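>>> here you go, sequence then predicted model.
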Amino acid sequence: MNQEKTGKFIKKLREEKKWTQEQLANKIPLGRDAVSKWENGKSLPDISALQRLSEIFSVSIEELLAGEKNPKKNVTLELYKERNIFKRNFKIVVMMLFFLLLLFFFYYFINFYKSISVYTVFGNGDNFEVSNGILIKTNEKIYFNLGNIINLDNKKIDKLELFYVIDNNEKEILSTEEENILFFDYLGYEEYFDMKYYSSIIKNMYLKIYYDNTYEVLKLSFEEDYVNDNLIFSKKKSISKDYVKKDNKTLNYDLEKRIKSNFNTSDKENYYYSLKKDNKNIDITYISSSRELNVTIYKEDLIIEEYYYELDTNEVYFDNYENDKYSFEYKKKYTCISGDCGSERNMKDKSKFLKDLIEEIIK
């Protein structure tokens, strides 16, 4: 279909009637600009205008669209074919876009999905502990920082040796006389360990600490903190609280270190501290293996209150043994377990007493 041909045909029919564009426009009725655009081949009349033009000039819509009388081609059929071609081409374009989208997702999964993993690193021994370590793995590079070495008995460290054991074979990663281990490794270069055995290596990694002509071996633990396994990334309103709850195993090593340095111990497993506060005797026990703090409060040799605090989860359990006996716990929220615990404010105040007590002792 030829717009210019249709426009010239309309102009010819108008001139045969000796009408101006404005006179034709008034008969339809439309604005003169519309008629001018038709005759200049800039646009086509819509279906209602075509019907009116057909009546005015006594020609068929077929002839108007063909731009001539008694057209050889069926213009309506041609329009139908053009429309089908357009629909077919549109479907092809949509299918191509869909295919490209699938290719993109496939490329993403192959190259980026779970391509970054972040681990916290920690370990416990009789004389030393490791905290705040970090391992970052990407598709191309590994970043490793051993973190802080907590020297429980102030031993002089002579050397550190990082190694792993696979199939009963010990393989050294790095040996240094520095008091920390930091290295980078690249895929293909693999100076420190073979990336093909990455999962087995981090499950079987050890730190050997040399001191006083002897050594101690710590089994290092790797806890996955982050992995990019989300297709859609949403911005959180606040990440600090979530992070502290998730990463207390690392963050609370500092608290544990200060507890151990201020408390008494005989076996490096259980640590003790006693004090008198507000005419009450308070006994505090820290159990290293379970990372649990127990606080018992006495009044005239009778137990009146007990606290149990988990360092790794920040969970608190409280028992009151005085007149109105009650118990509550804190696990993300305060829950009264038995008795009349009073308001949530009362439970918060009891938990705050525990927090203030610990801070006072370890200052």
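Noted; the coordinates are in hand. Residues are numbered from 1 along each chain as shown.
>>> now residue 221. Its backbone dihedrals?
phi -110, psi 140 (degrees, to the nearest 10).
>>> measure it to residue 314 for me?
As for residue 221, its distance to residue 314 is 20 Å (criterion: Cβ to Cβ, to the nearest Å). Quick note: C-beta positions are derived from backbone N, CA and C, even for glycine.
>>> ok, now residue 220?
According to Cβ to Cβ, residue 220 and residue 314 sit 24 Å apart.
>>> of the two, which one has the most company?
residue 220 (21 against 16; other Cβ atoms under 10 Å).
>>> is it correct that the more buried one is in contact with residue 121?
Yes. Assessed by Cβ atoms under 8 Å, residue 220 is found in contact with residue 121 at 5.9 Å.
>>> can you give me the helices in this structure?
3-16, 21-27, 32-39, 47-57, 61-66, 75-111, 198-203, 240-246, 248-251, 253-262, 344-362 (DSSP state H).
>>> for stretch 133-149, which outside residues touch it?
111, 115-122, 128-132, 157, 160, 162, 179-187, 192, 195, 198, 202, 207, 209, 220, 222, 250, 253 (Cβ atoms under 8 Å, 6 or more residues apart in numbering).
>>> now do 7 Å
The list of residues contacting stretch 133-149 from outside it, by Cβ atoms under 7 Å, 6 or more residues apart in numbering, reads 115-122, 128, 130-132, 179-187, 202, 222.
>>> could you do stretch 209-227 as well?
114, 116-128, 130, 135, 155-160, 202, 205-208, 246-247, 249.
>>> what's the answer for stretch 263-271, then?
Contacts for stretch 263-271 (Cβ under 7 Å, 6+ apart): 126, 259, 260, 272, 273, 285, 286, 287, 288, 289.
>>> buried set for it?
263, 271 (16 or more other Cβ atoms under 10 Å).
>>> over to stretch 183-201?
185, 192, 193, 195, 201.
>>> tell me the one among those residues nearest to residue 171.
Nearest to residue 171 out of the buried residues of stretch 183-201 is residue 193 (Cβ to Cβ; 7.2 Å).
>>> for the closest one, list the residues it contacts.
164, 173, 201.
>>> what's the pLDDT at it?
Per-residue confidence (pLDDT) for residue 193: 81.
>>> may I see the buried residues of stretch 275-292?
So for stretch 275-292, counting by 16+ other Cβ under 10 Å, buried means 282, 284, 286, 288, 291, 292.
>>> okay, now the unreliable bits of the stretch 201-350 of the chain?
Of all residues in the stretch 201-350 of the chain, those with pLDDT under 70 make up the ranges 231-254.
>>> quick one: the strands in it?
Taking DSSP state E, counting those that start in this stretch as the test, the strands found in the stretch 201-350 of the chain are 205-211, 214-219, 221-227, 264-265, 270-277, 280-287, 292-299, 302-310, 316-320, 326-330, 334-338.
>>> where does residue 190 fall, phi/psi-wise?
The phi/psi pair for residue 190 (degrees, to the nearest 10) is phi 50, psi 60.
>>> now residue 322
Here is the backbone geometry of residue 322 (degrees, to the nearest 10): phi -80, psi -160.
>>> grab the nearest non-local neighbour of it.
Nearest non-adjacent residue to residue 322, counting by Cβ to Cβ, 6 or more residues apart in numbering: residue 304, 5.1 Å away.
>>> which residues touch the one you found?
297, 298, 321, 322.
>>> swap in 6 Å and give it another go.
Residues counted as contacts of residue 304 (Cβ atoms under 6 Å, 6 or more residues apart in numbering) are 297, 321, 322.
>>> distance check, it against residue 281.
Counting by Cβ to Cβ - residue 304 and residue 281 are separated by 10 Å.
>>> swap in residue 30?
Residue 30 is 101 Å from residue 281, by Cβ to Cβ.
>>> show the pLDDT at residue 62.
pLDDT, read off for residue 62, is 83.
>>> how near is it to residue 54?
Distance of residue 62 to residue 54, computed by Cβ to Cβ: 9 Å.
>>> over to residue 122?
Taken as Cβ to Cβ, the span from residue 122 to residue 54 is 87 Å.
>>> the two: which has the busier surroundings?
residue 122 (20 against 16).
>>> bridge partners for the more buried one, pull those for me.
residue 221 (DSSP bridges).
>>> in contact with residue 150, which residues?
Contacts of residue 150 (Cβ under 6 Å, 6+ apart): 129, 257.
>>> may I have the beta-bridge partners of it?
Beta-bridge partners, per DSSP bridges, of residue 150: residue 129.
>>> for the remainder of this discussion, apply numbering that starts at 19.
In the new numbering, first residue 19, that becomes residue 168.
>>> residue contacts, the residue nearest to residue 280 when sequence neighbours are not counted?
Excluding its sequence neighbours, the residue lying closest to residue 280 (Cβ to Cβ, 6+ apart) is residue 380, at 5.3 Å. By Cβ under 6 Å, 6+ apart, residue 380 lies in contact with 276, 277, 280.
>>> tally of neighbours for the last one?
For residue 280, the neighbour count with other Cβ under 10 Å is 13.
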